[in-house]
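Enquirer: Just need the structure, nothing else, for what follows:
(one chain, ligands or ions: 2)
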Amino acid sequence: MTSKKEPFWKTKSLDQMTAEEWETLCDHCGLCCLQKVEDADTGEIKVVGLSCEYLDVEACRCLVYEDRKRVNPDCILLTADTVRHKKWLPETCAYRRLLEGKQLERWHHLVCGDLDSVHHEGISIRHKAISGVYIHPKDLEASLKELKDDDFEWS
Ligand code: SF4
Ligand code: SF4
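Expert: Numbering: from 1, shown residues only. Ligands and ions are numbered 1, 2, ... in the order given. Sure thing, here's the model as predicted:
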């Protein structure tokens, strides 16, 4: 009798995953590539419906992924440690879910086998967020101020 091997996300912690396993875990919802605004009084980080200028908001893919930190020094590279500390990661984020001891969602591509499921289920930012490419850097602050009172619909 052969025993079925459990998938890596059920047997390894985030710290134990290989680089390849780590990358494949991302569902490409695009939510972590939305701009964030910090409340000056409370320090609370609010995510708004405007993406980083380097995100293709339809594909929900970074256009400069391999070189992202050089191109965009503000880009936060996700590691097990950053996942632990970045409270603004959405509850649907695979890394956050595993860190919290939860299972991957049924629509996650590693579970259902369909990379488009995250879009079909309305989890991703596709058709929801404005692309940062349309905002001139000089207007970014004003745009963020305007957007900060809107509740971005996570899913
Ligand atoms: S929020 Fe998580 S799952 Fe979604 S794109 Fe970012 S890292 Fe990937
Ligand atoms: S540089 Fe790429 S990975 Fe970083 S926030 Fe922008 S779109 Fe996301």
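Enquirer: C-alpha from now on. contacts and neighbour counts both.
Expert: Will do.
Enquirer: ranges for the strands of the chain?
Expert: 34-38, 45-51, 55-56, 61-62 (DSSP state E).
Enquirer: Out of these, which one sits most buried?
Expert: strand 45-51 (a mean of 23; mean count of other Cα atoms under 10 Å).
Enquirer: Which elements pack onto it?
Expert: Judged by 3 or more Cα pairs under 8 Å, 6 or more residues apart in numbering; DSSP states H and E, strand 45-51 is in contact with strand 34-38, helix 140-147.
Enquirer: In JSON lines, list the strands of the chain along with mean pLDDT and distance to L98.
Expert: JSON lines is the format used below for the strands of the chain (pLDDT from 0 to 100; distance: least, Cα to Cα, whole Å):
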{"stretch": "strand 34-38", "mean pLDDT": "91", "distance to L98": "21"}
{"stretch": "strand 45-51", "mean pLDDT": "91", "distance to L98": "21"}
{"stretch": "strand 55-56", "mean pLDDT": "97", "distance to L98": "25"}
{"stretch": "strand 61-62", "mean pLDDT": "98", "distance to L98": "22"}
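Enquirer: Could you dump the ones you listed into CSV and include distance to ligand 2?
Expert: CSV is the format used below for the strands of the chain (distance: least, Cα to the nearest ligand atom, whole Å):
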stretch, distance to ligand 2
strand 34-38, 7
strand 45-51, 7
strand 55-56, 4
strand 61-62, 4
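Enquirer: right, so of those, which gets closest to ligand 1?
Expert: Between ligand 1 and those, the tightest spacing by Cα to the nearest ligand atom is seen for strand 61-62, at 8.1 Å.
Enquirer: That closest one packs against which elements?
Expert: Looks like strand 61-62 contacts strand 55-56 (3+ Cα pairs under 8 Å, 6+ apart).
Enquirer: is ligand 1 contacted by the strand it packs on?
Expert: No. On the criterion Cα under 6 Å from any ligand atom, strand 55-56 is out of touch with ligand 1, staying 10.5 Å away.
Enquirer: Up against ligand 1, what does this protein have?
Expert: So the chain meets ligand 1 at 26-32, 89-90, 93-95 (Cα under 6 Å from any ligand atom).
Enquirer: In a markdown table, list those residues along with neighbour count and pLDDT.
Expert: Converted to a markdown table, the residues of the chain next to ligand 1 look like this (neighbours: other Cα atoms under 10 Å; pLDDT from 0 to 100):
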| residue | neighbour count | pLDDT |
| --- | --- | --- |
| C26 | 15 | 98 |
| D27 | 23 | 97 |
| H28 | 24 | 97 |
| C29 | 26 | 97 |
| G30 | 24 | 97 |
| L31 | 26 | 96 |
| C32 | 20 | 96 |
| L89 | 19 | 94 |
| P90 | 17 | 94 |
| C93 | 23 | 97 |
| A94 | 22 | 98 |
| Y95 | 25 | 98 |
